[in-house]
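Visitor: Here is the input, now give the coordinates:
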Amino acid sequence: MSYRVNEDYFEQQIQENMTLDRFKQIVEQLRVFTLNNKSNVNLIQLIEKTIEKAKNFYDYKSIVNLYGLKILLLENRRENLEKIIKIANDMENLSKENSNQEGLALTYSYWWFIEKIKVNKVKGKSFIEKAFLLIDKSKKEDPYIVHFVHYSYAIEKWLEEHDSESVKILEDCAHYFFKGGFYRSLAQTIGLLGIIYSRMHENMKALNLSNQILANRYLFENLPLDIRGIIYYFTGWIYILNANLIMAESYFNEAYNILKPIYNNSIYFSNFLVLHSYFAIVKGLQGKTEQACVLIKEAYILLQSDFMKKHLDKNTEKQIIHNLNLVNFYNISRLGNYDPQEHQELIDEIFENCKSQYSDFMSLSEFILNSDLDSDKLQKLLEINNFSINRVKHLIEFMLGKRKLTWINQEQIALSCIATLEKRITTSKTTFIEHAYADLLIAQQLFSLKHYTKISPLLKKYNNRLHRIEVLEMRIFMEAFIQVGAYKNGDPLGPALQYMAIKKCRNYGFSRLENTLLNYMNLQQKDALKAKM
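Guide: Numbers count the residues shown, from 1 in each chain. Reported below is the predicted structural model:
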């Protein structure tokens with residue numbers, strides 16, 4: 001079907017005399033068109049006219065499918081729940097009256113969605129399992145319904161059980177949605193697979209899916225505007241999971257520019273708000289503090305708007321606030337006058353939300369190192385089993401070691417901390433930024449032990465790869481420590497280059513790191529004086 005088919009085309013078609021077979025073709029085309037234009041609520045009137053046409057044909061299967069399209073157009077507004085429930089009842093009754101097993105499976109998928117909205121997890125799970133069994137036993141005459149049910153089932157299995165079976169199902173769905181022209185469904189599938197692949201450290205698979213659309217410029221430029229925006233958004237999201245901040249910023253910028261003028265007329269209004277929070281994290285980590293603050297301010301204004309209060313679901317709101325809290329903490333903790341006691345309310349809120357919300361690796365790592373959490377809270381974090389926390393458990397153990405070992409002398413504390421980081425579990429999928437972060441912490445401990453000559457062998461591998469450390473403050477810190485190691489290994493330019501790193505801190509407002517590096521310089525100078533005496 002042409003990408004340029006519009007409402008007028010369908011209005012004209014349903015007014016014409018046609019055979020039942022031709023009408024079914026129109027309904028299938030309308031399904032693709034509706035799913036790709038879900039933000040257009042005016043399509044409800046067109047669907048209602050098509051339902052009346054289907055009644056003239058006594059085409060009850062098409063009526064059930066058209067009811068399903070109405071639900072998809074209504075589902076992104078909380079105030080539509082009662083309307084959706086009524087339509088689902090009509091779908092169920094009509095499917096049972098006509099022994100339409102696939103239609104009944106489709107209906108149960110909607111009941112699953114309804115119960116999820118009502119936070120009835122057990123009841124919702126029973127509906128999607130019944131839908132899956134019905135499809136399994138059906139003749140599978142309607143491939144869209146088969147994949148719609150499978151997609152919903154995979155979401156349930158992943159969200160509630162993190163079942164790896166979801167991956168194969170979603171990959172099959174992605175292939176079908178792409179081949180069938182269901183590009184909005186494909187974009188949503190890419191987004192979910194991006195999350196799952198990140199847990200499996202298979203981010204390139206998600207990027208490959210995204211690039212299938214982005215590489216076909218004719219296809220991409222002819223997609224509805226909000227689909228283009230959401231594909232950019234999900235692609236940026238995949239990059240941020242892999243700590244590729246420059247690419248994430250580029251795609252987030254494209255998504256922001258597309259979605260900003262249209263978000264309140266799009267089903268992706270919540271994604272636009274989430275985008276603000278992740279975009280702010282990307283900006284903050286790159287040292288673009290003012291730009292991050294603008295995005296944070298915009299996000300809070302949007303959160304307080306009547307539109308968002310009416311339509312935004314609570315779980316999405318919690319994730320957005322958690323992201324904003326993390327980037328707020330990151331910005332605050334870069335300052336020389338940072339005192340965790342003055343920000344205890346913010347710290348406590350982040351701590352509580354770490355248990356259930358996704359946290360960016362870098363901002364979460366900085367929170368663990370700089371929030372001054374006590375041993376009890378660190379232990380509670382250690383006992384949590386979720387993707388974000390599991391990724392930083394070696395850092396939690398690192399900080400817990402510092403807390404537990406206060407009765408031991410400083411040398412033993414530092415050696416224990418180094419051992420914790422060196423023994424951390426790594427795989428071939430551990431990212432470059434994770435390795436660099438741990439090595440930089442080890443280098444700090446080596447400095448405290450005055451094992452200066454060990455610093456250079458540890459960090460020299462980063463000397464020609466500093467550009468890959470896109471977190472600006474971390475890159476400056478790494479530059480300075482590489483020079484510490486180089487100086488202790490005979491490079492006379494070491495101190496001068498360290499001063500350059502300190503100047504960069506001053507330029508970017510990283511006053512806390514500036515003070516830290518100045519303290520290191522003072523310690524080096526004292527050691528040099530002692531050596532001359």
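Visitor: Near the nearest residue to Glu349 once chain neighbours are set aside, how many other residues are there?
Guide: Of all residues beyond its chain neighbours, the one nearest Glu349 is Asn325 (5.8 Å), with distances taken as CB to CB, 6 or more residues apart in numbering. Where you see a C-beta, it was placed from the backbone N, CA and C, and this is true even at glycine. Look at Asn325: counted by other CB atoms under 10 Å, it has 21 neighbours.
Visitor: Kindly report the same for Asn222.
Guide: 13.
Visitor: Per the annotation, how does this protein divide into domains?
Guide: 1-163, 432-533 (automatic domain parsing).
Visitor: Turn these into CSV, including distance to Lys393.
Guide: Shown next, in CSV, are the domains of the chain (distance: least, CB to CB, whole Å):
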stretch, distance to Lys393
domain 1-163, 17
domain 432-533, 12
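Visitor: Could you tell me the least trusted of those?
Guide: Here the lowest mean pLDDT among the domains of the chain goes to domain 432-533, at a mean of 84.
Visitor: now that domain: how far from the chain's centre is it?
Guide: 32 Å (CA atoms, centre = their mean, to the nearest Å).
Visitor: now stretch 243-251
Guide: Distance, centroid of stretch 243-251 to centroid of chain: 13 Å (CA atoms, centre = their mean).
Visitor: picking that back up, need the contact list for the residue nearest to Glu349.
Guide: Neighbouring residues of Asn325 by CB atoms under 8 Å, 6 or more residues apart in numbering: Leu346, Glu349, Ile350, Asn353.
Visitor: So Phe228, which state does it fall into?
Guide: You called it Phe, but residue 228 is Arg. helix (DSSP: H, G, I helix; E, B strand; the rest coil).
Visitor: elements contacting the one helix or strand Leu73 maps to?
Guide: Per DSSP states H and E: Leu73 is located in helix 60-74. Contacts defined by 3 or more CB pairs under 8 Å, 6 or more residues apart in numbering; DSSP states H and E place helix 60-74 against helix 20-36, helix 43-57, helix 81-97, helix 101-117.
Visitor: what's the burial count for the closest residue in space to Glu79 that isn't next to it in sequence?
Guide: Distances taken as CB to CB, 6+ apart put Lys310 closest to Glu79, at 7.0 Å, once the chain neighbours are dropped. Lys310 is flanked by 10 other residues according to other CB under 10 Å.
Visitor: how about Lys310, secondary structure?
Guide: helix.
Visitor: Distance-wise, check it relative to Leu324.
Guide: As judged by CB to CB, to the nearest Å, Lys310 and Leu324 stand 20 Å apart.
Visitor: likewise Leu285?
Guide: 14 Å.
Visitor: More neighbours: which of these two?
Guide: A direct count of neighbours by other CB under 10 Å for Leu285 and Leu324 places Leu285 higher, at 25 against 21.
Visitor: ok, back up a step: of all the contacts of Asn325, which comes closest to Met18?
Guide: Asn353 (55.3 Å; CB to CB).
Visitor: Now do the same for the closest one: its pLDDT.
Guide: pLDDT at Asn353 comes out at 95.
Visitor: these two touch, right, it and Ile320?
Guide: No - checked against CB atoms under 8 Å, the pair Asn353 and Ile320 is beyond contact range at 10.8 Å.
Visitor: Adding distance to Leu192 and mean neighbour count, write the domains of the chain out as a markdown table.
Guide: Output for the domains of the chain, formatted as a markdown table (distance: least, CB to CB, whole Å; neighbours: other CB atoms under 10 Å):
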| stretch | distance to Leu192 | mean neighbour count |
| --- | --- | --- |
| domain 1-163 | 7 | 18 |
| domain 432-533 | 24 | 17 |
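Visitor: can you tell me which of the ones you listed comes nearest to Asn244?
Guide: Closest among these, using CB to CB: domain 432-533, at 7.1 Å.
Visitor: so Thr430, which of the three states?
Guide: coil.
Visitor: who's in contact with the residue positioned nearest the centre of the chain?
Guide: Centre of the chain computed as the mean C-alpha position; nearest residue by CA atoms, centre = their mean is Trp237, 5.1 Å away. For Trp237, the contact set (CB under 8 Å, 6+ apart) comprises Gly191, Gly194, Ala248, Tyr278.
Visitor: So which of those residues are in helices?
Guide: The helices, defined by DSSP state H, take in Gly191, Gly194, Ala248, Tyr278 from the contacts of Trp237.
Visitor: okay, now the second one: neighbour count?
Guide: By that I understand Gly194. 25.
Visitor: Also the first one?
Guide: Summarising burial for Gly191: neighbours were counted as other CB under 10 Å, giving 20.
Visitor: pLDDT score assigned to it?
Guide: Note on Gly191: pLDDT of 80.
Visitor: can you check the third one too?
Guide: Per-residue confidence (pLDDT) for Ala248: 94.
Visitor: I'd like to know how far it sits from Gly194.
Guide: Ala248 is 12 Å from Gly194, by CB to CB.
Visitor: Over to Leu225?
Guide: Counting by CB to CB - Leu225 and Gly194 are separated by 21 Å.
Visitor: In this structure Arg184 contacts Ile227, no?
Guide: Yes - between Arg184 and Ile227 there is a contact at 5.2 Å, judged by CB under 8 Å.
Visitor: intersection of neighbour lists for those two?
Guide: With CB under 8 Å, 6+ apart, Arg184 and Ile227 have common neighbours Asn36.
Visitor: now the helices for the stretch 351-500 of the chain?
Guide: 361-370, 375-382, 387-391, 393-404, 410-422, 432-448, 455-459, 472-488, 494-508 (DSSP state H, counting those that start in this stretch).
Visitor: so which of the ones you listed gets nearest Phe178?
Guide: helix 387-391 (26.8 Å).
Visitor: buried ones in that closest one?
Guide: Buried residues in helix 387-391, counted by 16 or more other CB atoms under 10 Å: Phe387, Ser388, Ile389, Arg391.
Visitor: Ignoring the adjacent residues along the chain, who's closest to the second one?
Guide: Right, Ser388. In space, and not counting its chain neighbours, Ser388 is closest to Ser359: 4.1 Å by CB to CB, 6+ apart.
Visitor: State the distance from that neighbour to Val122.
Guide: Relative to Val122, and taking CB to CB, Ser359 is found at 28 Å.
Visitor: likewise Asn522?
Guide: Counting by CB to CB, the gap from Asn522 to Val122 is 62 Å.
Visitor: do Ala255 as well
Guide: Remark: distance between Ala255 and Val122 (CB to CB) = 36 Å.
Visitor: CSV for the contacts of Trp237, including distance to Ser456?
Guide: Converted to CSV, the contacts of Trp237 look like this (distance: CB to CB, whole Å):
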residue, distance to Ser456
Gly191, 43
Gly194, 38
Ala248, 32
Tyr278, 36
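Visitor: Which single one of those is nearest to Leu518?
Guide: Proximity of those to Leu518 was ranked by CB to CB; the top entry is Ala248 with 32.3 Å.
Visitor: tell me the contacts of the closest one?
Guide: Applying CB under 8 Å, 6+ apart, we find Ala248 in contact with Gly236, Trp237, Tyr239, Ile240, Tyr278, Val282.
Visitor: how near is it to Lys288?
Guide: Distance from Ala248 to Lys288, by CB to CB: 13 Å.
Visitor: Asn208 is in contact with Leu193, correct?
Guide: No - checked against CB under 8 Å, the pair Leu193 and Asn208 is beyond contact range at 10.1 Å.
Visitor: So if I had to pick from these two, which one is more boxed in?
Guide: Between Leu193 and Asn208, counted using other CB under 10 Å, the more crowded position is Leu193 (26 against 13).
Visitor: how much space between the more buried one and Arg334?
Guide: Between Leu193 and Arg334 the computed distance is 34 Å (CB to CB).
Visitor: same deal with Gly68?
Guide: For Gly68 relative to Arg334 (CB to CB), the value is 50 Å.
Visitor: coming back round to it: right, and the helices and strands packed on helix 60-74 - which one's nearest Lys297?
Guide: For Lys297, the closest of these is helix 101-117, at 30.5 Å, according to CB to CB.
Visitor: tell me what whichever helix or strand comes after the closest one is packed against?
Guide: On the C-terminal side of helix 101-117, the closest following helix or strand by DSSP H and E is helix 121-137. Applying 3+ CB pairs under 8 Å, 6+ apart, we find helix 121-137 packed against helix 101-117, helix 143-161.
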